[in-house]
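Enquirer: Here is the input, now give the coordinates:
(3 chains)
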Amino acid sequence: MAGEMLLDVQNLTVQFRGDAGWTSAVENVSFQVGERECLGLVGESGSGKSVTALSILGLHARRTARIPSGVIAYRGQDILRLPTRALRKLRGGEIAMVFQDPMSTLNPVLTIADQITETLILHQSLSAAAARQQAQRLLDMVRIPDAARRLDEYPHRLSGGMRQRVVIAMAIACRPKLLIADEPTTALDVTIQAQILELLRDLQDELGMSVLLISHDLGVIAEFAHRVMVMYAGRTVETAPVRALFERPVHPYTIGLLAAAPRLELDTDRLPTIAGSIPDPASIVPGCRYSPRCDVALESCRNLPPAMGSAEPGHLARCPPRLAALGFAA
Amino acid sequence: MTLHPLLRRLVRAIPIILIVAVLTFMLMHLLPGDPAAVIAGSDASVEAVDRIRVQLGLDKPVVTQLVLWFVRLAHGDLGTSLVLDQTVLSAVMERLPVTASLSAVALAITVPFGVAFGVLAAYFRGTWIDQGVMMLALLGVSVPSFWIAILSVILFSVTLGWLPSSGYVPMDQGVGQWLAALIQPASVLALFQIGFLARMTRSAMLDVLDQDFIRTARAKGVSEWRTILKHGFRNTLIPVVTVTGIILSLLIGGSVIIEQVFALPGIGRLVVQGILARDYPLVQGVMLLFGITFVVLNLLVDVLYTMVDPRVRNE
Amino acid sequence: MSDVAALPIREFARPRRRFRTLRKLVAHRSFLFGATVMVLLTAAAMAAPLLTHIDPTAMQVRFRLRPPSAAFPFGTDAFGRDVFTRVLYGAKLSLWIGLSVALLSGAGGAAVGVVGAQFRRLDPLLMRVMDALMAFPAILLAIGLGAALGPSPSSVIIALAVAYLPRTARLVRASALVIRELEYVEAARVSGAGNLRIIWKHILPNCMGPLLVQLSFVFAYAILADAALSFLGIGTPPPAPSWGNIVSEGRDYAVEAWWIMLFPGLAISIATLGMNLLGDGLRDVLDPRLKVEG
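Expert: Numbers count the residues shown, from 1 in each chain, chains lettered A, B, ... in the order given. Model prediction:
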């Protein structure tokens, strides 16, 4: 990929401790996020999207998770090898995160002001008074009405949408370069979802941030992302510019996802679904992980791990049979 | 019917206090055989037994006695000791400073140590620190306090001669002496609750540390200690306040035994002496006061609870 | 008809599950340790007349205040009684009291809990009475009741059983309230099963796990509380040996004859510790929700 790469993840593998030793939740995942770019990360729950995102901030518990291989380069330096202190400076300062459930991501016993100013005082050494003023500006920025009054309230007084705005205000407080949004709208009402998404997009333009957007909702991805990476059972199965992915999907899993996504213009009663469910990471076939659910799987798919192949510039897929059928050399 | 939560709790405490009063009334009627004869003692004359029967109103039907008991309580009359030349209330008031001092000092030792040990155990989960704290908690419910108290006296008072082995010095005769008299009994008393509080703090802390907002704090770049102390601990306070209330009750209950070992003239010693002297009106009155104290204590914990948790505070 | 169909499944499924529980328990370190301590103590208490030929109350004044030796492993007390013998006989009493209190407070608590859960009209009154009893720390309640009932082992048992009953009652009531809403219990009710049958067939068996855990801790508390009551002079009256009254009698000689109070104190600690560890193991295996994460 041409251009300045803000984040460059190479061959990331993340493992968790289970009853039967360490199992990989994410395996050999590579992707890049450019300046001011939005990369969408798509997959069912359990596909390793959130695990990937948490790795970028080093937020896995050391007792239960490990990263045996891979590089997460942020502006050229490997986050995985960063000393704790330096990592902490990145967190909330350069790289910020918005989580899925605004009901539980805010501390119930601290006021809104406490939670927003904490980041400012920590990373920008602002005085308490200056931080408070800044916090109020941030609440204005995320379009919370009556910001001055909201500052001294506790999270439980706010609605889910308002709380998510507070979480976003916290995240953008220090003008981060990269915003990781992990299912930022999933827990919200449909009408609120659109507002939050619009807010995120405006903020991205305004602040010139790069965004890593994680969602299982293809509609959200289509609206927001420039490029998309599809994950399945801890591996990347397809990555492409957003138009290419929606118009010319290659991997059978992507095709299945697109078919299963509800379209507003279609008035169908029944949505197609993908038969079967995502495999448990501990019990995975040696070959393509999607092969047990796949319509076009060959014998070789089940036994040999498939390689990534190129369909067109910037469009890769991990499905040799489909690539061959479409006339691309695998 | 929308009552303020505190008012609702207050209303709920009233029937409990009434039941406590009935239960303490029943204490004397649980005595096997003729209570008057038991109280008078085995070598008492028939006249002496009859006198006690009339004096305590035991000659009346039980229901009448119960009504009279409540009438007396309504007038603030908790009865009169048979042995001491005193009303129950004045006997208790005289000894209250001792028990209150002992419990307060013990609580002042228990809370900082218990909470600190609990936080440390949670932070160093699975290490020897954690195991040590859990061991202390286990020993706290396995070793008799009176036995440790005696061993402590042998070590600190007899062998080392550091601390007085018994007796109480009122605070107005010097805070230093007051504290010197209390530090040993209070420490022994506290020793048994520190482990319990640490264990409760630890598990509350571990629950909190699993929450999403802790991850948020870490994602903001907050340091690990600050995450634990500011974001974790404040939330842990809510359950810890409740446990501290229970612990204060347990300290007061434990003081009955400890006062005995250290010869502290407190309410616990009053009760035990009353029991041994078969001074049932005294025992009855003191138990009732204890019961009311504990109900009120629970109520206070509820008040404190609402002050710590903004979610309840604002409702 | 449904009962006949259900039978074979019960026959086959039950023992297997029990064996699994047993295996887990045996693999649990603290359970194994606690159980071993308790079995050894019980065996020693039962075999007391074989292990020692001395009468626990026999006074031999010429041997008074002898330090531990081959003849008197734990020394002798102020009356020349053998402390080892007295501690051994005390074990029998303590374990008996612990067991009785556990069983009695378990039965009483289960009764109150189930009645509270099944008969909603009685529930508020019962629970307020339980609240009133629970307002007191158990030891204080036991002291009050023990005082009222007079000093004897049986009044100690009753006093402690009542003192620990409310906690058991609350536990059973809470489990029963959950279980009675379960679908198969609902189904049993719909098909005409009476209250008693539902309590006996469904509710009690399902509370058994947590109840057993609770009672093992009550057993431990009871040993400790009994010792405290005897120490205060409210429990088993001398000269009969109980752990608490041996310590109490040894207290006046604690400096020059430390062994009188040391050994019974150790015995109380070991027995209570053993029972607590056993209870921890039971809790981890039978009631994993409460497992203290390590």
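Enquirer: what packs against the helix or strand hosting residue A:206?
Expert: Assigned by DSSP states H and E, residue A:206 belongs to helix A:190-207. The contact analysis (3 or more CB pairs under 8 Å, 6 or more residues apart in numbering or on different chains; DSSP states H and E) places helix A:190-207 against helix A:160-172, strand A:178-182, strand A:210-215, helix A:218-224. For the C-beta atoms, the positions are set from N, CA and C on the backbone; glycine is no exception.
Enquirer: Give the buried residues for it.
Expert: Buried positions in helix A:190-207, judged by neighbour count with 16 or more other CB atoms under 10 Å in any protein chain shown: A:192, A:193, A:195, A:196, A:197, A:199, A:200, A:203, A:204.
Enquirer: And the furthest pair within those?
Expert: Maximum pairwise distance in those, criterion CB to CB, is 18.6 Å, between A:192 and A:204.
Enquirer: those helices in the stretch 201-315 of chain B, which residues are they?
Expert: Taking DSSP state H, counting those that start in this stretch, the helices of the stretch 201-315 of chain B run over residues B:212-219, B:224-226, B:233-261, B:267-276, B:280-308, B:310-313.
Enquirer: Convert the helix holding residue A:206 to CSV, retaining C-alpha atoms only.
Expert: The C-alpha trace of helix A:190-207 is given here as CSV (Å, rounded to 0.1, in the frame of the first residue of the first chain):
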residue,chain,number,x,y,z
VAL,A,190,-30.9,2.1,15.6
THR,A,191,-31.7,5.8,15.5
ILE,A,192,-28.9,6.6,17.9
GLN,A,193,-26.5,4.4,15.9
ALA,A,194,-26.7,6.7,12.8
GLN,A,195,-26.0,9.8,14.9
ILE,A,196,-23.0,8.3,16.6
LEU,A,197,-21.6,7.1,13.3
GLU,A,198,-22.1,10.5,11.8
LEU,A,199,-20.4,12.1,14.8
LEU,A,200,-17.4,9.7,14.5
ARG,A,201,-17.1,10.5,10.8
ASP,A,202,-17.2,14.3,11.4
LEU,A,203,-14.7,14.0,14.2
GLN,A,204,-12.4,12.0,12.0
ASP,A,205,-12.4,14.7,9.3
GLU,A,206,-12.1,17.5,11.9
LEU,A,207,-9.2,16.0,13.8
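Enquirer: now the angle from that helix to strand A:178-182?
Expert: If you take axes from the mean of the first three to the mean of the last three CA atoms, to 10 degrees, helix A:190-207 sits at 170 degrees to strand A:178-182.
Enquirer: What angle do strand A:210-215 and helix A:190-207 make with each other?
Expert: Comparing the axes of helix A:190-207 and strand A:210-215 via the same axes, to 10 degrees yields an angle of 160 degrees.
Enquirer: Just to be sure, residue A:240 is in a strand?
Expert: Yes - under DSSP: H, G, I helix; E, B strand; the rest coil, residue A:240 sits within a strand.
Enquirer: which residue packs closest to it, ignoring adjacent ones?
Expert: Spatial nearest neighbour of residue A:240, chain neighbours left out: residue A:315 (3.9 Å); criterion: CB to CB, 6 or more residues apart in numbering or on different chains.
Enquirer: burial of the one you found, as a residue count?
Expert: Neighbour count of residue A:315, defined by other CB atoms under 10 Å in any protein chain shown: 19.
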